[in-house]
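Enquirer: Here is a sequence with its predicted model. Questions after.
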Amino acid sequence: MPLTFIDIERQKNWRIALFFVVLLLVYLAALAVFGAAFLGVPLGMATRFWVFAGAAALLVAGIHFWFSAYDTVNTVLHSLDARPPDPEDEIHRTLLNIIEEVHVVTGAKRTIQCAVIPSLSLNALAAEDLKGNSLIAITEGLLSRLTRPQIEAVVCHEAHHILSGDCLETTVAASIFGSLSSALEKLRYSSRNRMFSLPAFFLAWLLLQLGYLLNLFISREREYRADAASVRMTRNPLALAETLHLLSRGWRGAGFIGSGFEMLCIVNPRATALDEAEGFLPNLLSTHPPLRRRMDILLGMARVSVAELDRKAALKPSAGQQDAGKRYFAMSPRQQWEGPFALQEMAALPWLSPLSWIAPGEGRTPDRAWNDPLINTIFLHRLNGSEPAPNGYICPTCNQPLVTATYEGTRIYPCSFCAGTLVENARIPRIIARTCSERPCTERVHALARAVLRENQSRRIYQMSSGKSVATLPRLPCPKCKNPMFRGFYSQVHLIEVDRCSYCGLTWFDKDELTMLQCMIENRLAPESVGAA
Amino acid sequence: MVGWILLGILVLCILWLITIYNGLVTKRNDVQGSWKQIDVQLNRRHDLIPNLVSTVKGALEFEQDTLEKVISARAKAVGATGPRSKAEAENMLTQALGKLFAVMENYPDLKSNQNVMQLQEELTSTENRIAFARQLYNDLVANYRTALQVFPNNIVSSLFNFGTEEYFEAPEATRATPAVSLSLKGK
């Protein structure tokens, strides 16, 4: 029998009770250790001690549980400085509309709050507490990069966590130790007093490890289920797949989103190898399934939807469909499947780019346009027609030949499709040296550079303090040797992320990264100056 | 003694009957409540269309035919009653609107007009709300129908004349994937 979204039973609430028992045991163990070590109580026979310790542990655990699980939504809001969407803002209004749409699914019986996290990182989270509040929060960075259907997919994914009830147990698990540890972590980052920061860090670390213990009870499956529910609601698997792909490449907020709140997020802010692994141990310990697996499943679903479309097209053959030849479906910038198109018609589509999704007919899994050799000839043709001859370098994101151009009097290799730039390492100092205030950077680039610098600063502090890298998982191939490039900050002062191949001596700047670097140098934007501003 | 046992069984039977009856009534009310939700969203769409038409009328001088189709489809949709006729009229309206949006794509002035963009966002949102409300309604109808037909509910339902409810059929195009354009660009 199909379950409506309001009917989904809260089958796993027993786990919340289990969390309380774990908390109780932790306090009991702490009291026992204290009693044995400092009071010299013989633990084996001190019945009175156990009665007293049991009562004390119950009281303290009860207070701890109440404070951490009762009003967690507000704690999350405050800790991330998240604000309600601004109805005057175009993108925020779209988000508000989408939240209203989700309320229709629930039969208007549940109210879900929505908030925007002022961060450039790419992530979204859902939280619910025992007070009955529920929240979907999306970072400003993610909102600005997604199309409407993609935001719909993310919101529906998070809404399913809330409606199915699994969000409540995750939030309780996260908040029991997480809210405390992330508060301590923040104190440590912001505090200049090392004397205070060291014990605080140890306490945060201890609480975090206890928090990870609770991960054992949080199933990875819930993410798959939320993905499936999102597709059921939006019927657009590709929008979610694209979003996950975007998330896999960007900074997911490690260092900004506190360590305790990781399991509430759509993707783990700390990109760990454990999350990308499969097997018994990763399944047990990790709260998020591998992104690649999630994307594969979604692409599989998209294949089914294309097959359906193809069958319908076959029922009503159009004039153009009579001629023989391969037919393609392509996803337009408005995230709609269009087609079927012949190769010539594909070539005439103004919006077709190497990163567009295409499906070569029924039953075929959608793929990037550059992966199809035939379609790829379209882009080669476009390049040959309008740009200077290619130079043998291939764009690491679109897989298209890079063109040669002159910039600040020296040679660079921009991509005509994604606006990224390849520069030989030897030439970067020249570009930097030639940056002068006579040609000031635009206001947009300046604002972007400041925001990126501020965000990357907290990220670097996180990296330095935790010793963990927050590198993105699929590394880009070198445009020359095809080996994976190293992704890291340009320098310790200029915190712009670039991809480098040390073997070939090449640096790849994504769109705007080169101009942002120049802007930082020109305006002497350094991490401290931005932090103080 | 036997009398008491029989009385006990009778009381149990009555309680059981009441439970089934109340369950069916609750499910039927859920269905009717969710139909109201669809109605609210359809009305919202009907209210937005005149605004959109008046905003784009000036720019689409040569597309009066498309605009008239939208207006007449809206008029039919406003007049329709009951799930089946409403679904048909709404599907026609969806198609007419889809055509209008496709035509608007060819007018760069309109695409960059703030008012039009806002109206388009509102209409997209309304379309989604209708789709979601329809999902909820159809899920609840399926629940209710199953509850009517399973044994022993079927005895109770025929005893108290519980009628079946109709599904709200999705338009052809949205059944495959949302907002799909089957036509070749420019044809």
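Expert: Looks like it arrived, so ask away. Residues are numbered from 1 along each chain as shown, chains lettered A, B, ... in the order given.
Enquirer: how many neighbours does the residue lying closest to residue A:510 once chain neighbours are set aside have?
Expert: Computed as Cβ to Cβ, 6 or more residues apart in numbering or on different chains, the closest residue to residue A:510 that is not its neighbour in sequence is residue A:420, at 5.0 Å. Just so you know, the C-beta spots here come from the backbone N, C-alpha and C atoms, and that holds for glycine as well. Neighbour count for residue A:420, taken as other Cβ atoms under 10 Å in any protein chain shown: 23.
Enquirer: Is residue A:420 in contact with residue A:413, as I believe?
Expert: No: at 9.4 Å, residue A:420 and residue A:413 do not qualify as touching, with contact defined as Cβ atoms under 8 Å.
Enquirer: what kind of secondary structure is the nearest residue to residue A:367 once chain neighbours are set aside in?
Expert: Nearest residue to residue A:367 in three dimensions, chain neighbours excluded: residue A:358, at 6.7 Å (Cβ to Cβ, 6+ apart). Three-state assignment for residue A:358 (DSSP: H, G, I helix; E, B strand; the rest coil): strand.
Enquirer: Roughly how far does residue A:358 sit from residue B:164?
Expert: Taking Cβ to Cβ, to the nearest Å as the measure, residue A:358 falls 44 Å from residue B:164.
Enquirer: More neighbours: the two, which one.
Expert: Higher neighbour count among residue A:358 and residue B:164: residue A:358, with 23 against 11, using other Cβ under 10 Å.
Enquirer: dump the residue contacts of that one.
Expert: A:328, A:329, A:330, A:331, A:346, A:366, A:367, A:368, A:369, A:372, A:375 (Cβ atoms under 8 Å, 6 or more residues apart in numbering or on different chains).
Enquirer: Dump those into JSON lines; add neighbour count as well.
Expert: Formatted as JSON lines, those follow (neighbours: other Cβ atoms under 10 Å in any protein chain shown):
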{"residue": "A:328", "neighbour count": "24"}
{"residue": "A:329", "neighbour count": "26"}
{"residue": "A:330", "neighbour count": "23"}
{"residue": "A:331", "neighbour count": "25"}
{"residue": "A:346", "neighbour count": "23"}
{"residue": "A:366", "neighbour count": "24"}
{"residue": "A:367", "neighbour count": "14"}
{"residue": "A:368", "neighbour count": "17"}
{"residue": "A:369", "neighbour count": "25"}
{"residue": "A:372", "neighbour count": "18"}
{"residue": "A:375", "neighbour count": "23"}
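Enquirer: In strands only, show me the residues you listed.
Expert: Using DSSP state E, A:328, A:329, A:330, A:331, A:367, A:368 are the members of the contacts of residue A:358 that sit in strands.
Enquirer: tell me the two of those residues that are most distant?
Expert: Within these, two members stand farthest from each other by Cβ to Cβ: A:329 and A:368, at 13.6 Å.
Enquirer: How about the contacts made by residue A:483?
Expert: Contacts of residue A:483 by Cβ under 8 Å, 6+ apart are A:477, A:501, A:503.
Enquirer: Dump the residues you listed into CSV; add secondary structure as well.
Expert: Listed next are the contacts of residue A:483 as CSV, based on three-state DSSP:
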residue, secondary structure
A:477, strand
A:501, strand
A:503, coil
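Enquirer: so which of those residues is the most crowded?
Expert: Top of the contacts of residue A:483 by neighbour count (other Cβ under 10 Å): residue A:501, with 23 neighbours.
Enquirer: Compute the number of surrounding residues for the residue nearest to that one when sequence neighbours are not counted.
Expert: Spatial nearest neighbour of residue A:501, chain neighbours left out: residue A:478 (3.7 Å); criterion: Cβ to Cβ, 6+ apart. Neighbour count of residue A:478, defined by other Cβ under 10 Å: 23.
Enquirer: I'd guessed residue A:478 sits against residue A:485; true?
Expert: Yes: judged on Cβ under 8 Å, residue A:478 makes contact with residue A:485 at a distance of 5.2 Å.
Enquirer: Read off the pLDDT value for the residue nearest to residue B:115 when sequence neighbours are not counted.
Expert: Leaving aside its chain neighbours, residue B:115 sits nearest to residue B:55 (5.3 Å; criterion: Cβ to Cβ, 6+ apart). With respect to pLDDT, residue B:55 has a value of 80.
Enquirer: just how off-centre is whichever strand or helix holds residue B:55 within its chain?
Expert: Assessed by DSSP states H and E, residue B:55 sits inside helix B:2-57. Counting by Cα atoms, centre = their mean, to the nearest Å, helix B:2-57 is centred 15 Å from the centre of its parent chain.
Enquirer: I'd guess residue A:422 is in a strand, am I close?
Expert: Yes: according to three-state DSSP, residue A:422 belongs to a strand.
Enquirer: Could you report the neighbour count for it?
Expert: 25.
Enquirer: Contact partners for it?
Expert: A:393, A:395, A:402, A:412, A:413, A:414, A:415, A:479, A:506, A:507, A:508, A:509.
Enquirer: These in helices, which ones?
Expert: Judged by DSSP state H, the subset of the contacts of residue A:422 located in helices is empty.
Enquirer: so which of those residues also contact chain B?
Expert: Among those, no residue lies close to chain B (Cβ under 8 Å from any Cβ of the partner chain).
Enquirer: From those, list just the buried residues.
Expert: Among the contacts of residue A:422, those classed as buried by 16 or more other Cβ atoms under 10 Å in any protein chain shown are A:393, A:395, A:402, A:412, A:413, A:414, A:415, A:479, A:506, A:507, A:508, A:509.
Enquirer: Surely the fourth one is in contact with residue A:393?
Expert: No: taking contact to mean Cβ under 8 Å, the distance of 10.6 Å between residue A:412 and residue A:393 leaves them out of contact.
Enquirer: Provide a list of residues in contact with the closest residue to residue B:60 other than its chain neighbours.
Expert: Leaving out its chain neighbours, the residue that sits closest to residue B:60 by Cβ to Cβ, 6+ apart is residue B:67, at 6.2 Å. Residues in contact with residue B:67 (Cβ under 8 Å, 6+ apart) are B:53, B:56, B:57, B:60, B:100.
Enquirer: Please apply the same query to residue A:356.
Expert: By Cβ under 8 Å, 6+ apart, the contact set of residue A:356 is A:330, A:331, A:368, A:369.
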